[in-house]
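Student: okay, predicted coordinates and the sequence, questions at the end:
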Amino acid sequence: MKNINMKIIKNILKKTNNFYYKIKYSFQAGIILKGWELKSLKQNKLQIVNSNISVNSHECWWHNVTVPPLHCVSDSQSMQSIRTKKLLLKKKHILQLKKIIYNKKLNLIPLKIYWNNNKIKLSIGIGEKKIIKSKEILNKNTHK
């Protein structure tokens, strides 16, 4: 077995994801990035607020990811800090994902982003939403 150098950049799996989703499967995908985004990720500058993953016609996309540009990068380049990023998966895997998501009504959840042999990978979880019955909701229903 090879010695794999895996340095985690950001662990996205928070208490909120565990609270709202029950993750059944997980897998990894590559990400298409620009050069300045890669430099920014090396310095752990990544903001993920309400990020989600969608599958559209044989392609996977990661939405609402903010990679702020570094100050030393030239201003002549067009740098968009919020940009959708294409995920690299095989076509047969994307078609399987599409079937699983639409038939079983599951969600794709970004779990963590990490380095794997000098390549950036995104760990993706397939999960279903949990039904949350808090005391506040039950109290509101009983008072009506």
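Tutor: Nice, thanks for sending it over.

Student: going by C-alpha atoms from here, please, whenever you check contacts or count neighbours.
Tutor: OK.

Student: secondary structure element for the spatially most central residue of the chain?
Tutor: The chain has residue 110 as the residue nearest its centroid, 2.6 Å off, counting by CA atoms, centre = their mean. Here residue 110 sits within strand 107-116, counting by DSSP states H and E.

Student: for the residue nearest to the centre of the chain, which non-adjacent residue is spatially closest?
Tutor: residue 124 (4.6 Å; CA to CA, 6 or more residues apart in numbering).

Student: in its sheet, which strands sit next to the strand holding residue 110, and in what direction?
Tutor: In the sheet containing strand 107-116, the strands it pairs with under DSSP bridges are strand 6-11 (antiparallel), strand 120-129 (antiparallel).

Student: contacting residues around residue 129?
Tutor: Counting by CA atoms under 8 Å, 6 or more residues apart in numbering, residue 129 touches 20-22, 106-107.

Student: all strands of the chain, in order?
Tutor: Assigned by DSSP state E, the chain shows strands spanning 6-11, 21-31, 47-56, 59-66, 82-88, 107-116, 120-129.

Student: the longest one - contacts with which helices or strands?
Tutor: Going back to what we said before, that points to strand 21-31. strand 82-88, strand 120-129 (3 or more CA pairs under 8 Å, 6 or more residues apart in numbering; DSSP states H and E).
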